[in-house]
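In: I would like the atomic coordinates for the input below:
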Amino acid sequence: MKYKPLDYKPGDSVFGAGAPKGAKVLEFWQWAFGDLSDDDIKGIFAEWLVAKILDIPSKRRISWANSDLITSEGVRIEVKASSYWQSWKLINEDGSPKDLDKILERWKTKNPGQIRFSGLMAQDATGELKNSDRTFKSDLYVFCFQHEHDPQFWNALDLSQWEFYVFDIDDLRNFAGKSVSLKRLREHQDPLDAEQLAAKTREIIEQRKK
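Out: Have a look, this model is predicted:
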């Protein structure tokens with residue numbers, strides 16, 4: 001017998017003795033994942049966004065998997081995301097907004113050399129790999145950078161504010177280790193938009209078949 005996870009719907013409510021009125025799954029999703037500028041949520045959103053752009057079937061996110069996405073051909077893809085802005089720079093602990101003028105003065109735009117994508121190498125998380133050392137575990141690596149400078153206009157849903165880079169692991173390991181800077185990525189590849197990312201990824205996958 002195989003395990004069958006529950007398929008929660010947005011309208012499903014917390015139930016049982018003492019259940020708070022109106023506590024629905026959708027409310028939880030909005031509470032926990034509503035701010036796409038959060039560092040961890042931004043990364044999860046980027047994984048989902050890349051899956052959509054590349055048209056990769058994916059029923060759900062597996063947080064502990066060795067790769068963020070796996071194509072129907074079995075190609076493993078790791079997705080990394082970064083941006084000029086993170087919510088901890090913009091809001092207080094109670095969720096209230098910080099003074100924007102002070103924010104802009106303190107957090108001046110970083111240069112590409114300061115922005116880094118980390119965690120490229122990691123240990124096996126499933127027990128399927130024989131090597132327990134930190135290593136590259138995916139075939140392709142997609143880097144997503146949200147480049148909007150003004151926090152007032154920052155919008156994760158606006159594809160015009162994103163630039164993408166995709167590398168086969170054989171190319172990436174020539175210039176990257178545990179992390180890589182945005183500057184280094186730009187030295188090795190021009191920024192891609194969503195359509196170009198899809199085309200470039202298909203090209204790399206076809207090349208891997210030869």
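In: which secondary element of this protein has the worst mean pLDDT?
Out: helix 100-106 (a mean of 83; mean pLDDT, DSSP states H and E).
In: Provide the backbone phi and psi angles at the residue most central in space within the chain.
Out: Taking CA atoms, centre = their mean, the centroid of the chain lies closest to residue 43, which sits 2.8 Å from it. Reported as degrees, to the nearest 10, the phi and psi values for residue 43 are phi -70, psi -40.
In: quick one: the helices in this protein?
Out: 25-33, 39-53, 87-90, 100-106, 169-172, 182-188, 194-209 (DSSP state H).
In: Which of these sits closest to residue 146?
Out: Nearest of the helices of the chain to residue 146, taken as CB to CB: helix 39-53 at 7.3 Å. In short, each C-beta sits where N, CA and C put it, glycine included.
In: Tell me the buried residues in that closest one?
Out: 41, 42, 43, 44, 45, 46, 47, 49, 50, 51, 53 (16 or more other CB atoms under 10 Å).
In: Give the other helices and strands that it contacts.
Out: In terms of contacts (3 or more CB pairs under 8 Å, 6 or more residues apart in numbering; DSSP states H and E), helix 39-53 is packed against strand 69-70, strand 76-83, strand 140-146, helix 194-209.
In: Now do the buried residues in the last one.
Out: This points to helix 194-209. By 16+ other CB under 10 Å, the buried positions in helix 194-209 come out as 194, 197, 198, 200, 201, 204, 205.
In: how about the helices and strands packed on helix 39-53, which one is nearest residue 133?
Out: For these, distance to residue 133 was read as CB to CB. The smallest value, 16.9 Å, belongs to strand 76-83.
In: Now do the least confident helix or strand of the chain: distance to the chain's middle.
Out: Computed by CA atoms, centre = their mean, to the nearest Å, the chain-centroid distance of helix 100-106 equals 26 Å.
In: And for it, what's in contact with it?
Out: Contacting residues not belonging to helix 100-106 are listed as 89, 90, 151, 152 [CB atoms under 8 Å, 6 or more residues apart in numbering].
In: per-residue confidence at the third one?
Out: Same thing as residue 151. At residue 151, the model reports a pLDDT of 91.
In: and the gap between it and residue 90?
Out: 6 Å (CB to CB, to the nearest Å).
In: thinking again about what came up before, could you dump the buried residues of helix 39-53 into a markdown table and include distance to residue 15 and pLDDT?
Out: A markdown table is the format used below for those (distance: CB to CB, whole Å; pLDDT from 0 to 100):
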| residue | distance to residue 15 | pLDDT |
| --- | --- | --- |
| 41 | 27 | 96 |
| 42 | 32 | 97 |
| 43 | 32 | 96 |
| 44 | 27 | 97 |
| 45 | 30 | 97 |
| 46 | 34 | 98 |
| 47 | 31 | 97 |
| 49 | 33 | 98 |
| 50 | 36 | 98 |
| 51 | 32 | 97 |
| 53 | 38 | 98 |
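In: Below-threshold pLDDT in this protein: ranges please.
Out: 109, 127-132 (pLDDT under 70).
In: Done for today, thanks.
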